[in-house]
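**Student:** Next comes the sequence, and after it the predicted model I'd like to discuss.
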Amino acid sequence: MGRQASANAVAALPIVNGVGPSYLWLPHGSGGAMIGFLIAQFPAVGEAAWRDRMARGQVVDGAGARLAPDSVVRSGTRIWYYRELEAETAIPYQEQVLFQDEHLVVADKPHFLPMAPAGRFLRETLLVRLKLRLGIDDLVPIHRLDRETAGVVLFSSNVASRGAYQSLFQKRRVSKAYEALAAPLENLAWPHVHRSLMVEGTPFFRMREVAGAPNSETSIQMAGMQGELALYRLQPHTGRKHQLRVHMASLGAPIANDAFYPDAQPCRGDDFTRPLQLLARSIAFTDPLSGKEREFFSERRLVYSE
């Protein structure tokens, strides 16, 4: 499948309305006409759609030359194209910009809004919304939140300083704090530290815990009650996929409205009435450029209803 252009990929097509192009490496041993290759590669798109995109100059080779239906597939080369969706679900919640300078954009992401284009979301993503809102084409997320999770997330707006901020996460020099609503845990001493070995699970989008040397660690503190649910403060010391959700479910207190853990629930479609009760409350670090201590807080609150 195609990939969205990364910060290091030199795209042969420009960003249009906040949406960058995707690319695909043509596999070795391939050949024949381009239209046949694309139909086989993306059967859900269809021949008519590909012919239309080509007629509009939206499928090009690595040098930016337009490709036609009868263009020869040259194995080992890269083609560029724009993803298009016939229909895209509108996310009825608005992001907030908490901070912006010449290097960083700090956003407060709402529940349900994906970070970046993928699958059935393209324009209704935090990255594309911010590019359009701020007029910054070269905006790149420094870290990510699940679509289901709300809260603070950092973006780089300056190529020259991007590596310095990315290295903070690679070297684990960032302190992140989350809040979650879940059933109260009665017999734990606070704070409780949960460690486990997390691996990919089944279906493909889930993670699971297995026996072995831990590769994930979360500090958990019960902070009070909201009705029948407890408010927890979670501090991940590692960054495994779905780590907080898996750890809370493992303790017997899955996060309220979690459709993946402890068991995968039937797809709710675009039901916005039951957001996952998980919030990235704050993020703190020593600025690698100025040396100053920086901390940013979400302005959102968790509110649970049956």
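**Tutor:** Structure's in. What do you need?

**Student:** Pull out the buried positions in whichever strand or helix holds L98.
**Tutor:** Assigned by DSSP states H and E, L98 falls within strand 96-100. Going by neighbour count (16 or more other Cβ atoms under 10 Å), the buried part of strand 96-100 is L98. For the C-beta atoms, the positions are set from N, CA and C on the backbone; glycine is no exception.

**Student:** And for it, what's in contact with it?
**Tutor:** For strand 96-100, contacts defined as Cβ atoms under 8 Å, 6 or more residues apart in numbering pick out 105-108, 130, 133-134, 152, 157, 296-299.

**Student:** I'd say G32 and S71 touch.
**Tutor:** No - applying Cβ atoms under 8 Å, one finds G32 not in contact with S71, separated by 10.2 Å.

**Student:** If you count surrounding residues, which of the two has more?
**Tutor:** A direct count of neighbours by other Cβ atoms under 10 Å for G32 and S71 places S71 higher, at 17 against 11.

**Student:** Would you mind confirming that the more buried one makes contact with A33?
**Tutor:** Yes - here S71 reaches A33: they are 7.2 Å apart, a contact under Cβ under 8 Å.

**Student:** mind listing what's buried in the host helix or strand of R208?
**Tutor:** Assigned by DSSP H and E, R208 belongs to strand 207-210. Judged by neighbour count (16+ other Cβ under 10 Å), strand 207-210 contains these buried residues: M207, R208, E209.

**Student:** got the buried residues for whatever helix or strand comes next after it?
**Tutor:** As assigned by DSSP H and E, the chain's next helix or strand after strand 207-210 is strand 216-226. The neighbour-count criterion (16+ other Cβ under 10 Å) identifies S216, E217, T218, I220, M222 as the buried residues of strand 216-226.

**Student:** which residues sit in contact with the nearest residue to the second one once chain neighbours are set aside?
**Tutor:** This points to E217. Nearest residue to E217 in three dimensions, chain neighbours excluded: H237, at 4.3 Å (Cβ to Cβ, 6 or more residues apart in numbering). By Cβ under 8 Å, 6+ apart, the contact list for H237 reads R172, E217, T218, S219.

**Student:** Please repeat the previous calculation with a cut-off of 7 Å.
**Tutor:** E217, T218, S219 (Cβ atoms under 7 Å, 6 or more residues apart in numbering).

**Student:** cool, T77 as well?
**Tutor:** Per Cβ under 7 Å, 6+ apart, neighbours of T77: L26, D61, G62.
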